[in-house]
Structure formats: structure tokens, C-alpha cells
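Participant: for reference, the sequence and a predicted model appear below.
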Amino acid sequence: MVRRLILVLGDQLSPPHRLSSLRDAEPGQDVVLMAEVGDEITYAPHHRQKLVMVFSAMRQHAEVLRGLGFEVRYVRHDALGNSGTLTGELRRAADDLRPGEIWLTRSGEWRLERAFDDLEVSLPAPLRRLADDRYLCDAETFERWARGRRELRMEFFYRDMRRRYGILMDGDQPAGGRWNFDAENRRRLPKGVRPPERLIISPNGVTQELIAEIAALWPDGFGELEAFGWATNGQEAERLADHFFADILPGFGDHQDAMARGEPWLWHGRLSAALNLGLLDPLDLCRRAEAQWRAGRAPLNAVEGFIRQILGWREFVRGIYWLKMPDYLETNALGAANRLPDFYWTGETDMACVAAVVAETRAHAYAHHIQRLMVTGNLAMLLGVAPTEINAWYLGVYADAYEWVEAPNTHGMATYADGGLMGSKPYAASGAYINRMSDYCATCAYEVKDRLGERACPFNSLYWDFLDRNAPRLDANPRMALPYKTLARLDAAEREAIAARAAQLRLAFGATPVQAEGRVST
């Protein structure tokens, strides 16, 4: 008799001692279920590298568990009888094995939790769902932190997390006398400065087989497969982490907001995909980064910036997600209702910055946070792209994207669709910002300094039109005071010309009205 049937999801590939559903499991008594299912393949327009990465990591993890003595019932996506859903495979396994109990660690996404809610009453054995304690702040703790606050700001949450875990603290004070060194992390990449050589993980045998398999199954799917270099097991992930801490972290701080042609990685860690699969431990990464600073091997601004992304942003966005779902993704604070331009998929545009980011996204299933926020996200917001359209794109095209982390970053930070829950102002910018932080504009067909005219940078007229159109919603925001003062100095004729140029661009780009889903927040 099977004591427990334990479902392990594709982003729960941590060692058994780190995953709550496996921590007390017994080889010989418990059976592990893992399944590749159609619903998880098709719910977003996944980059083909992401499918390869997740399936390869799952198949290798199943072998690790077998090596530890577990019986693993592994269902491939093309297996005979595959129901196409996780709930269907859990029910099928439970009916076949008749376990005494069914265990799983809670999933990271709202839709799956609701599916398991619906399934629970009809299973042939009790279903026990355990908290996912691999994260550093559970939903209940975040809800208590958020309760009664007028605004939810990551900075204050981050400080509490630093105190809670004793990370970068000198007694009860922040190391270096400051909580945040972000002001020192916004430098443009100087001419002649090149990032260090990067470790690229060569596809192992399982991954090579999957590259061929996915290429054959989805020959026209989004994303290239040739440059695959993601970690797909714990050893590969640790190699990436070791390389980052030894060779990359010291330069991470200064240029973490910079963008440069032909430099997709710069000083970014490329650890988020492995972290979100469960191959790396977030607290361990934070402590290792702090140890580099304390040993004098990395400057404080670099270490603090790295730790803030994990201990601060990663945990904060997950907290927001579970606090506000399911209504969160129905909000549309700016009434955005347009289609996503086709060039988000093809990269075929004369805008050098957008073409570069989309090309790197297609090649690597990756773009760093400023490329996502201030190029593709900023443009989608200025064009008035409907939240459902841009959210689906971000969820699909990046290897590290799961709804719990993608939605608050896209819906909140990049497009302000949540009305300011995630950020205190829209991250809207003209071409001047992109020119300041990158070298894209030097080779662009458009003129970054021009506001009007056929060859004027599209970001410029779209930016000023965005401010004008959304003045009733935004002009009272104190953080928007300066741009609105500048807008007020433009005469009526110029504002009309800007509006006309912006409308022309939306039409030319294909950002035309689509039935926007969800309600408009007020």
C-alpha cells in the first residue's frame, strides 16, 4: 500500500529537505508524482527555451529522487493517457495507487490553487497542502505587515526583512549606515568598459534531447533555441552562482541599470530562472553575497543592490500577489485598451532600443530589469496596451516568468495598471532616459532629441501625450509634479500636434483598440 502520493510541481525542484511535501517522505512507502501537461505548456505563449529548461530540470530532478530511493511516477507530455492537466494526473495517479494520503506543497499561482480546491472534494484520499517555506516571507506574515498601511512600499518591507534575517546589519543599524544604495547603481556604461566573460552552461544530454524534441514539436514557436544556456539541475545552478559571486558581483552595483548593444548580460546574475525553479536557495544567496562584502571582495553598493532584489523585491511582489489576487489582474487604472504591437514578437521595428531588447529576448529568453521596465514596459504603457495583452507577453517570453512574480512587476511597476499599489508613480519616460542609460540611440533611425516629425523618437510624443491624456488621474501625484509643469508650458498648438503624432504612431504600430478585459479602476 502506498502511504502517500506526493505531487511535485515543475517549480518545486528543490532537494527533499527544502520542500515541505518531501521533507518527511519515506522511500519505499511514498510515491512521487511529476507530470508534464498540456495546460501548463499552453496557458502562456512560452518561449521554447523555457519549455526546454523546465522539462529538462523536471526530468533530471526525477532521476535525483529515484537515486534517493523514491518511486517516481513521471508522466511525459506525450505519454499515452496523459490527461493534459495537473489535477487530471493527480486524480489518475490517486485512482491507480489508492494512497492513504495525498500531499503537495502549495503552488505559486492562483489558478492552480483554485484548481486544487475544486479537485480536493472528489479525491479518493485526503489531500494535505503544505505551505511553501522556501520563500522568506509567507502570505500570512505579509498580510500582517500590510494591514493598516496607507501605502505598501517595498523599501519599508525590505528594511523589516533585513532586520528579521539579520542580513547586512551591524547590530540594529544597516551596514554602512544606509539601507539603500540605489542612487549609486544608476551609471551608464562608459565607453571602452566591457563586462567580464560569462559562464554559459552547455546543454547536458537531457537538455540536448529536449532541444530537439521541442524544436520538432513547435517549429514555429516563439524564441530561438540555439543559444540555450540555462541551468537545469542543482550542480549547474551552483556553478552559475559561484561564477557570479567570484567574478560578476563586484561590478554589479555601478551599472545594474545600464543597457548596451550586444551585451545581454552585463553584470546581471542570470540566477532568477534557477531560483524560481527551486534549484537555488534565496537566503543562501543573500548570505553568500553579504560574505563577499564582509571579506572585502565586493563593494557594499553591489551587494546591497543584489540582496534588495531577492530579500526585498522578490518577496514583496510575491506578497502583493497573494494579498491582492484574484482581483489584482482585473484592475486597469489607466483604462488601457489597445493591442500589443506585432514587433514585440518579431523585433521588426526601427526603434533600436526595442529591436535590441526583443532580439535578445528571442535569442535568450532573457532581458534585464531596466530593459523590461523602461523599454518594453514603458512603451506598452505609453501606447495604452491593454493589461491582458502585455501581461501575457511578459509571462510567456522570459525563462524566469511565473505569474506570482511577473504580474506585480508588469501590472504594477511596468504599466501602472494597478493604480499605484506597487509603485508610487508610473515609470513613464521619454527617449531621453533611454539615451542616458544606453547606447541604443546612437544607431537608431529616429532622432532622440526631436519631439515632432516623422523621424522624431516615438517615445517622445507618446510620453507627452500619455501625460496629457492621463492628467485627470496623475497630475495630483507629487512625484509627477515636474513633468506636468513642463507639459503646462507647451502651447495648445504643440499639444495638439503631439496628440496627433501619438495617434499616428499607435495606428502605425498596430496599437489599436481591443476589447479590454477587466474593470477600470478609479
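Facilitator: That came through, no problem.
Participant: can you report phi and psi for Ile307?
Facilitator: With angles defined as degrees, to the nearest 10, Ile307 sits at phi -60, psi -40.
Participant: once you drop chain neighbours, what's closest to it?
Facilitator: Cys286 (5.0 Å; C-beta to C-beta, 6 or more residues apart in numbering). In this view, the C-beta of every residue, glycine as well, is placed from N, C-alpha and C.
Participant: now the one you found: which helix or strand?
Facilitator: For Cys286, the host element (DSSP states H and E) is helix 282-294.
Participant: average pLDDT for that helix?
Facilitator: Averaged over helix 282-294, pLDDT sits at 98.
Participant: buried stuff in that helix?
Facilitator: Using 16 or more other C-beta atoms under 10 Å as the test for burial, helix 282-294 gives 282, 285-286, 288-290, 292-293.
Participant: for stretch 255-269, same thing?
Facilitator: Neighbour counts over stretch 255-269 (16+ other C-beta under 10 Å) mark 255-260, 263-269 as buried.
Participant: same question, stretch 307-314
Facilitator: The neighbour-count criterion (16+ other C-beta under 10 Å) identifies 307-314 as the buried residues of stretch 307-314.
Participant: what of stretch 104-113?
Facilitator: By neighbour count on 16+ other C-beta under 10 Å, the buried set for stretch 104-113 is 104-110, 112.
Participant: Asp133: which of those is nearest?
Facilitator: Thr105 (8.6 Å; C-beta to C-beta).
Participant: touching, the closest one and Arg23? I think so.
Facilitator: No. Taking C-beta atoms under 8 Å as the definition, Thr105 is not a contact partner of Arg23, at 9.4 Å.
Participant: and the buried residues of stretch 104-113 as a markdown table, adding distance to Ala407, secondary structure and pLDDT?
Facilitator: Below are the buried residues of stretch 104-113 laid out as a markdown table (distance: C-beta to C-beta, whole Å; DSSP: H, G, I helix; E, B strand; the rest coil; pLDDT from 0 to 100):
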| residue | distance to Ala407 | secondary structure | pLDDT |
| --- | --- | --- | --- |
| Leu104 | 22 | strand | 97 |
| Thr105 | 20 | strand | 98 |
| Arg106 | 17 | coil | 97 |
| Ser107 | 14 | coil | 96 |
| Gly108 | 11 | coil | 95 |
| Glu109 | 9 | coil | 95 |
| Trp110 | 9 | helix | 96 |
| Leu112 | 14 | helix | 96 |
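Participant: neighbours of Ala500, how many?
Facilitator: Look at Ala500: counted by other C-beta atoms under 10 Å, it has 13 neighbours.
Participant: from Ala241, how far out is it?
Facilitator: Going from Ala500 to Ala241 by C-beta to C-beta, to the nearest Å gives 52 Å.
Participant: how about the lengthiest helix in the chain: buried residues?
Facilitator: Counting residues, the longest helix found in the chain (DSSP state H) is helix 48-67. For helix 48-67, burial by neighbour count (16+ other C-beta under 10 Å) applies to 48-62, 65.
Participant: contacts for it, please.
Facilitator: When contacts are defined by C-beta atoms under 8 Å, 6 or more residues apart in numbering, helix 48-67 is touched by residues 8, 10-11, 13, 16, 32, 34, 36, 41, 72, 74, 77, 204, 206-207, 210-211, 214-215, 218, 221-225, 228, 230, 232-234, 273, 277, 279, 364-365, 398-399, 401.
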